[in-house]
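Novice: structure of the sequence below:
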Amino acid sequence: MEWTEIVERRPFAAARLVCFPHAGGSPYFFRPWSKALPDIEVHSVCYPGRAHRIGEPPATDLTQLARDIAREVRPLPDGRPTMFFGHSMGAAVAYEVARVWQAGGAAVSHLFASAARAPHLAQGSPERVAEIDDEAVLALLSRLGGTDAELLDNPAFLELVLPYVRADFRMVAGYAGPRDAPLDCPVTALAGVEDVRVTTEQATAWREATRGPFTFLSRPGGHFYLADDPPFAAIEETLRAG
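Specialist: Numbering: from 1, shown residues only. Prediction:
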């Protein structure tokens with residue numbers, strides 16, 4: 001199995017950026033980022049059950065998913081920095097992978113947590129998981145945006161994607177983030193000012209997830225602000241700052 005997709009290999013790039021998609025997302029979401037970030041080799045994680053892994057059963061446990069990814073996505077042997085960018089559910093997955101790295105003596109150079117509540121605010125429970133049925137999934141997709149409304153009325157599309165989207169939402173509903181496991185790396189939290197899912201307070205609470213420097217960036221738009229305005233400048237500035 002391949003956990004990441006690389007649009008363009010750049011063995012001499014200054015850094016690597018590993019992107020973790022949202023619930024229901026695939027590596028295709030981050031494909032345009034490679035062209036926009038010429039000094040960085042962009043890797044996009046592919047969770048089981050979609051894209052080239054459509055034949056695999058979706059993951060059901062977020063922390064186990066992160067451990068599986070961490071076994072495959074290793075620090076670069078030449079010491080070049082690796083940054084993580086996680087959007088929505090992907091921010092929690094990226095955080096958990098960073099924890100695994102840190103426990104093993106490795107270091108993520110920077111974690112970007114986009115449109116996500118801080119991990120210690122996650123209150124997963126079996127009751128919340130049980131509430132996630134197809135009707136709830138469709139309602140949430142419509143509310144968050146990011147999915148063409150016509151696709152949500154397309155039976156063929158729904159037959160293909162609903163199984164892994166539902167599994168992802170259930171995985172998020174069951175995730176209970178740790179309260180006393182801060183990272184050492186710098187963390188930047190980003191959130192759209194019109195996000196109906198994540199408040200500014202929930203996003204800025206990421207400062208408690210690290211002992212390193214913390215930055216919060218407010219972005220125009222909603223939960224999928226980055227579809228229209230990707231934060232390339234912030235990523236490039238972080239790379240220049242070292």
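Novice: hey, let's count contacts and neighbours off CA atoms from now on
Specialist: Noted.
Novice: average model confidence for stretch 76-93?
Specialist: Here stretch 76-93 scores 96 as its mean pLDDT.
Novice: what distance separates the start and the end of that stretch?
Specialist: Stretch 76-93 has an end-to-end distance of 20 Å (criterion: CA to CA, to the nearest Å).
Novice: off-centre distance for it?
Specialist: Distance of stretch 76-93 from its chain centroid, counting by CA atoms, centre = their mean, to the nearest Å, is 9 Å.
Novice: now do the same contact list for residue 210.
Specialist: For residue 210, the contacting residues are 182-187, by CA atoms under 8 Å, 6 or more residues apart in numbering.
Novice: most neighbours among these, which one is it?
Specialist: Counting by other CA atoms under 10 Å, residue 187 has the largest number of neighbours within the contacts of residue 210, with 26 neighbours.
Novice: which of the residues in the helix ranked longest in the chain are buried?
Specialist: Counting by DSSP state H, the longest helix found in the chain is helix 155-173. Judged by neighbour count (16 or more other CA atoms under 10 Å), helix 155-173 contains these buried residues: 162-173.
Novice: can you redo those as TSV with pLDDT?
Specialist: What follows is those, written out as TSV (pLDDT from 0 to 100):
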residue	pLDDT
162	83
163	86
164	89
165	87
166	90
167	92
168	92
169	89
170	92
171	94
172	93
173	91
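Novice: what is the nearest of those to residue 19?
Specialist: Within the buried residues of helix 155-173, distances to residue 19 taken as CA to CA reach their minimum at residue 168, with 16.5 Å.
Novice: for the residue nearest to the spatial centre of the chain, what is the enclosing helix or strand?
Specialist: Note on the chain: the residue nearest the mean C-alpha position is residue 90, at 1.9 Å, using CA atoms, centre = their mean. Under the criterion DSSP states H and E, the helix or strand holding residue 90 is helix 89-103.
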